[in-house]
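# no sequence on hand, only this structure:
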DNA sequence: GTCAAAAACGTTTGCGTAAACGTTTTGTTA
DNA sequence: TAACAAAACGTTTACGCAAACGTTTTTGAC
């Protein structure tokens, strides 16, 4: 039989209220009584029932994280840092994996917001902000991470996509590259849009011409990195920018296969996975853009808990800065520059 | 205000029981009544309260997964396949990351088993089976994944560690390698023990001598792959076996840096991450061992749900087989041989 | 010794749901 | 048209806990 709070109360010779208050430190209990209660608790092996507790209080001590792709190192690392932060604060983390599928995201938002979690962290794969917003119950704590929407109706934590791309284009142009290709992610995502527009603006500003044939969108589903690269190499690119870790590693592999030497036959700029030995291996042949995933995760955890505690808190937006690490430069550049 | 089942009942002109039965298909309800109920539900925007429901039924429709390292691709992929299976069955997944820390594992087992989840999937980092067992409440559904204990008191799903290592040692010995080094993971883990003992037995069986100087244990915390490799190269190894994805990629990087050519200066056998383009790049220079992570995850999900439904079910154990892919062999080998 | 305030604890209720148990309605057969 | 089964729904309770509300006991100031 399950041990309940009243079993404990009976054994300790006190009321259930006293047991509850003892456990939760919600009102004064004399230390003798506390001792009796704890004694009874350990003797009976009592553990408060989490369901009953959250039923009563309305708090689940759980945050949901809706992620587009768990096996992507970027999100895996982020999950790790979110979980680290939340568990320190006594919260749990529920993961939902949408696989960049809008329906899956919809289903998961519905399920999780229906009393399963206190708040939701979402890296949305949705195209339409309106659709997205219609799914979120009024007043439900939500923080957008990595990806955001134009209509700023939710708190968000993102990474600056503009600056590193802009700078790398300028650097490539400065080195004499004229045909700079870029591989973006899913076109509907805010991250992709920002990256592409940074690219376009930089290309213009550097006196080159924007050529749509040099812009390709890759993803693991339909349009692989190899497909994009086939196109880009047809255009005789002298530089390529790969805007996420998956595309980047596939690009390196592909260029290897084609027998092209990095930094010699072709310049490469990569969004690089945090702490990945694969990319470390190429750090002296490619320009790396390292996103501050761990900071992002911790900040996201912090923000969602703030909103859970005060759902009426003002909308918070923060854009973290990526580290831009061109190869072949003095170390001071590589490390201090963010 | 929150919409409850009785609001729906009132609006539909039926009892709460009928609403409940309609939602849950737990007894016959005429289709006209059903229509009225669904009508009221959508009009009010009613969603059943998950806390109240799980409080009432005792079921949380949630499984916990205690993982030693989320950002390790092996576990990230496994989380993905577990989540895929569970979400198909209407279950959610809570992740706890122990970072190979026994105390963190203990805390998480306690928290999660106290009414937060219906069952627990655990890739334990614990040394002592007794300690581990003492943490699991009697009758609580648990399935061990990837790592197991000698005392077979829990269902488990593992990957055969013996066979691929044994075969690769034999292959290396057959090629004429005499000094075969191996880098294991944390010595306390069952996986490490199995891998090392497979290595030792194969070395003996192939007529070589077991030399403890050729056995090193690496991990991301204290003893890096580089440390292990420094030792092994001092011993003039002509082959190295890296027994997990992290060690393997670090090893490749390290050997590169040292200017050693794979398959020429030194033979390399790697436990390789599923679908990793990094390892694909080396598939013609290293012998690969690919663990069936996705199968493992799905099977783990299946088993834990079986136990949740019937906690008295007999203990189930399964060992999945890794794909062993020596390089330089006809394609038929590479794909069909598992 | 009186009295008020503070300290220390008890009684009771209600959260939203599922299901046990019970009732009414409908249809069918003799 | 009684008799009864089956169909279709309603009433009520209990789950375990936290907290609102209430009571008793202790303390110490006069």
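The structure has been received and is ready for your questions. Quick caveat, the model's predicted, so the values are computed rather than measured.
# quick one: end-to-end length of stretch A:170-184, please.
18 Å (C-alpha to C-alpha, to the nearest Å).
# check whether that stretch contacts chain B.
No. Counting by C-beta under 8 Å from any C-beta of the partner chain, chain B is not contacted by stretch A:170-184; separation bottoms out at 14.1 Å. Every residue, glycine included, has its C-beta placed from N, CA and C.
# pull the residues that contact that stretch.
A:169, A:192, A:195-196, A:199, A:202-203, A:205-208, A:211, A:214-218, A:225, A:228-229, A:232, A:235-243, A:247, A:251, A:267, A:269, A:287, A:326 (C-beta atoms under 8 Å, 6 or more residues apart in numbering or on different chains).
# go on, stretch A:259-270?
Residues contacting stretch A:259-270 (C-beta under 8 Å, 6+ apart): A:168, A:172, A:175, A:177, A:237-242, A:245, A:248, A:251-252, A:255, A:279, A:282, A:285-289, A:327-328.
# next, count neighbours for whatever residue of the stretch 51-200 of chain A ends up closest to DNA strand C.
Using C-beta to the nearest atom of the strand, residue A:56 is the residue of the stretch 51-200 of chain A that sits closest to DNA strand C, at 4.3 Å. Close neighbours of residue A:56, defined as other C-beta atoms under 10 Å in any protein chain shown, add up to 13.
# three-state assignment of it?
For residue A:56, the assignment made with DSSP: H, G, I helix; E, B strand; the rest coil gives helix.
# out of the contacts of stretch A:170-184, which are buried?
A:169, A:192, A:195-196, A:199, A:202-203, A:206, A:208, A:214-218, A:225, A:228-229, A:232, A:237-243, A:247, A:251, A:267, A:269, A:287, A:326 (16 or more other C-beta atoms under 10 Å in any protein chain shown).
# among these, which are located in strands?
Secondary structure defined by DSSP state E assigns A:215-217, A:239-242, A:267, A:269, A:287 of those to strands.
# now, which of these sits nearest chain B?
Each of those was checked against chain B using C-beta to the nearest C-beta; the closest is residue A:242, at 11.8 Å.
# list the contacts of the nearest residue to that closest one once chain neighbours are set aside.
Leaving aside its sequence neighbours, residue A:242 sits nearest to residue A:248 (C-beta to C-beta, 6 or more residues apart in numbering or on different chains; 3.9 Å). Under the criterion of C-beta under 8 Å, 6+ apart, the contact list for residue A:248 reads A:242, A:270-272, A:279.
# selection in PyMOL covering whichever of the residues you listed are buried, please.
Here is the PyMOL command that selects the buried residues among the contacts of residue A:248 (16+ other C-beta under 10 Å):
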select buried, chain A and resi 242+270+271+272+279
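# lowest-confidence entry in the contacts of residue A:248?
Here the lowest pLDDT out of the contacts of residue A:248 sits on residue A:279, with 87.
# who in the stretch 51-200 of chain A is up against chain B?
A:51-52, A:54-55, A:58, A:60, A:62, A:70-71, A:73, A:76-77, A:79-80, A:83-84, A:87, A:92-97, A:108, A:110-112, A:114-116.
# near DNA strand D, which of the residues you listed show up?
A:52, A:55 (C-beta under 7 Å from any atom of the strand).
# which of the residues of the stretch 51-200 of chain A next to chain B fall within strands?
Per DSSP E, these map to strands at A:62, A:92-97.
# got phi/psi on residue A:284?
Backbone torsions of residue A:284, given as degrees, to the nearest 10, read phi -100, psi 10.
# count the residues that sit near the closest residue to it other than its chain neighbours.
In space, and not counting its chain neighbours, residue A:284 is closest to residue A:327: 5.0 Å by C-beta to C-beta, 6+ apart. Other residues within reach of residue A:327 by the criterion other C-beta under 10 Å amount to 18.
# close enough to count as contact, residue A:327 and residue A:287?
Yes. Contact criterion C-beta atoms under 8 Å: residue A:327 and residue A:287 qualify, at 6.0 Å.
# residues from the stretch 51-200 of chain A in reach of DNA strand D?
So the stretch 51-200 of chain A meets DNA strand D at A:52-53, A:55-57 (C-beta under 7 Å from any atom of the strand).
# quick one: name the residues of the stretch 51-200 of chain A near DNA strand C.
A:55-56.
# at 10 Å instead, please
Residues of the stretch 51-200 of chain A that fall close to DNA strand C, judged by C-beta under 10 Å from any atom of the strand: A:51-58, A:114-115.
# how about the contacts made by the residue nearest to residue A:284?
Residue A:327 neighbours (C-beta under 8 Å, 6+ apart): A:263, A:283-288.
# and stretch A:48-68, what's buried?
A:48-55, A:60-68.
# where are the low-confidence patches of chain A?
Applying pLDDT under 70 to chain A flags residues A:328-338.
# domain-wise, how is it divided?
Domain assignment for chain A by automatic domain parsing gives A:5-48, A:62-160+A:293-321, A:162-291+A:325-336.
# export those to JSON lines and tack on distance to residue B:7?
Converted to JSON lines, the domains of chain A look like this (distance: least, C-beta to C-beta, whole Å):
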{"stretch": "domain A:5-48", "distance to residue B:7": "29"}
{"stretch": "domain A:62-160+A:293-321", "distance to residue B:7": "15"}
{"stretch": "domain A:162-291+A:325-336", "distance to residue B:7": "38"}
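# among the ones you listed, which is nearest residue B:11?
The closest of these to residue B:11 is domain A:62-160+A:293-321. By C-beta to C-beta, the value is 18.9 Å.
# ok now the closest one, how far from the chain's centre?
8 Å (C-alpha atoms, centre = their mean, to the nearest Å).
# can you check stretch A:207-227 too?
Taking mean C-alpha positions (C-alpha atoms, centre = their mean), stretch A:207-227 and its chain are 24 Å apart.
# so what would you say the end-to-end distance of that stretch is?
Start-to-end, stretch A:207-227 (C-alpha to C-alpha) is 28 Å.
# that stretch and chain B in contact?
No. Counting by C-beta under 8 Å from any C-beta, chain B has no neighbours in stretch A:207-227; the shortest distance is 8.6 Å.
# buried subset of the residues of the stretch 51-200 of chain A next to chain B as a ChimeraX selection?
Selecting only the buried entries of those in ChimeraX, with 16+ other C-beta under 10 Å as the criterion:
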select /A:51,52,54,55,60,62,70,71,73,76,77,79,80,83,84,87,92,93,94,95,96,97,108,111,112,114,115,116
